[in-house]
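**Student:** quick one: sequence and predicted model below, then my questions.
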Amino acid sequence: MAGRDLRTLHNVEEDRAAVVLQIVGPKVENQLIVGDCPMFKKPRWTDWFAILGILVILGMIGWNRLEEWREKRRYEDRIAAFRPELVQPLILPADRVVAGESLSGRWETVAPNKHFGSTIVFDLSEDVADRRYDVEFTTKTCTWHHSSQRTAELREGVVVLDRPIAEAIGPVFRQLHCVRVGGRRALIPDVRSNDMAALLAAIENAESRNEWSDLQWLAYLRED
């Protein structure tokens, strides 16, 4: 009797399990097929927004890289087009020429509005027999900047670079004249000979009125 009751109880439990499997089984199977697994979720609008944001950022980075390449290309094209034989000689009074003093240090030219300018840093070679300077040239605007490395020699007051350099907003040149103006030293690009009137007026303002803004746009002044 007891054995029959146990078999009956066992059969009842199996029947219950079969009923539960019939009810729950299809739902579980559907979840495995479509389910809530993160890998198979249908993208929400926030997911699409995140993907769009990533694509926009990547596009902006690519565009900036392209613009940098274009600016560098335009800069190199300006240097390649420079013709030193077309530059008129820059003739200044001999008593202004500085021939024997070291160029080492930082020289700057700054536009009157202060938004753009250029810097030349001279560093004398450590080799005693080699009197050339290592040159770091930087030119910039409010949205762009460029750096170049050159070497230079000082020949009787004239700085001669191994290759031309180009200001972001300004001329291309290869030589600068080292002169003294009102107790300060200045490096004047030889291409300023194209506008001697403005150069002489700037020198006059610096010496007689202590007004240096015009000269600092036309020449590189030493930052002592």
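**Tutor:** Ah, there it is. No experiment lies behind these values; they were computed from the predicted model shown.
**Student:** I'd like the average pLDDT over the longest helix seen in the chain.
**Tutor:** Longest among the helix segments of the chain by residue count, using DSSP state H, is helix 45-80. Helix 45-80 shows a mean pLDDT of 77.
**Student:** domains in this protein, by residue range?
**Tutor:** Following automatic domain parsing, one gets these domains for the chain: 2-75, 86-222.
**Student:** tell me the confidence at the residue nearest to residue 82 when sequence neighbours are not counted?
**Tutor:** Nearest in space to residue 82, with sequence neighbours left out and distances taken as Cβ to Cβ, 6 or more residues apart in numbering, is residue 172 at 4.3 Å. All C-beta spots, glycine's among them, are computed from the backbone N, C-alpha and C. pLDDT for residue 172: 95.
**Student:** how about residue 172, what does it touch?
**Tutor:** 78, 79, 81, 82, 164, 165, 166, 191 (Cβ atoms under 8 Å, 6 or more residues apart in numbering).
**Student:** which among those residues end up buried?
**Tutor:** Buried by 16 or more other Cβ atoms under 10 Å: 82, 164, 165, 166, 191, out of the contacts of residue 172.
**Student:** could I get the pLDDT score of the third one?
**Tutor:** So the one you mean is residue 165. We have a pLDDT of 95 for residue 165.
**Student:** which ones are touching it?
**Tutor:** Residue 165 neighbours (Cβ under 8 Å, 6+ apart): 79, 137, 139, 148, 150, 172, 173, 174.
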